[in-house]
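Student: Can you look at this prediction? I've put the sequence above it.
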Amino acid sequence: MKQKILIVLMTLIPMSFLACDPENNTFFPVDDGNLITPDSPIYNETVTKNIEDFVQTHFPAYTIVFVKNDYDDGQLQKEIYLKNGNRKNYKIVFDSNDNWIEVDGDDDNNLAIPESVMQLLPQGISTYINTNYKNASIYEIEKKYNYYKIDIEKNWRDFELYFDLNGNFMYLDN
């Protein structure tokens, strides 16, 4: 009996950290009071013109579902969650100056980073990936203070590629 209760608890507890969007069965973080929806009074203060322009330029078929203000290493970050009608979603993270620092696609639903976003990176990154991982899908880009981390998938294998800010390959983590 104790074993059954433990199994049930182990199943339910992780699910309590996720909320389901009933409209299209996709999962988003739980609203812990920090989620800002488009009808929120502070939405326009949070989602600036720079953020709206970025979304409209690179994700024209997507709409902002909500924004979450978060802190990473004491720095404010705005997590922008996008969706469209086909259950595929993106998360874009902006720093406190509204510069993008992360674009996250969905490798489970084969949702890669748009080519227009890839063009924002130093040319050396695309050249390296096209040369060494032809036809790979790129699912996540993180721009850190002194490097880029690129998550790719090729032949059902995931790789993390690291590049300096000039686009020079540094190392592979798989």
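Tutor: That came through fine. Residues are numbered from 1 along each chain as shown.
Student: what ranges do the helices span in the chain?
Tutor: With DSSP state H as the criterion, the chain has helices at 2-15, 43-46, 49-58, 115-118, 123-132.
Student: if I read this right, residue 136 contacts residue 156, doesn't it?
Tutor: No - at 11.2 Å, residue 136 does not count as touching residue 156 under the criterion of CB atoms under 8 Å. Yep, even glycine has a C-beta here, placed from its N, CA and C like the rest.
Student: Could you work out the end-to-end span of stretch 114-126 for me?
Tutor: Terminal residues of stretch 114-126 are spaced 13 Å apart (CA to CA, to the nearest Å).
Student: send the alpha carbons of stretch 143-157 over as CSV?
Tutor: Only the C-alpha atoms of stretch 143-157 are listed here, as CSV (Å, rounded to 0.1, in the frame of the first residue of the first chain):
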residue,chain,number,x,y,z
LYS,A,143,23.7,34.1,-25.9
LYS,A,144,25.9,34.4,-22.8
TYR,A,145,28.2,37.2,-21.8
ASN,A,146,31.2,35.6,-23.6
TYR,A,147,29.9,32.7,-25.7
TYR,A,148,27.0,31.2,-27.6
LYS,A,149,25.5,27.8,-26.8
ILE,A,150,23.7,26.1,-29.7
ASP,A,151,21.6,23.0,-29.2
ILE,A,152,21.2,20.9,-32.3
GLU,A,153,19.7,17.5,-33.2
LYS,A,154,20.9,15.3,-36.0
ASN,A,155,20.0,11.7,-36.6
TRP,A,156,18.1,11.6,-33.3
ARG,A,157,21.2,12.7,-31.4
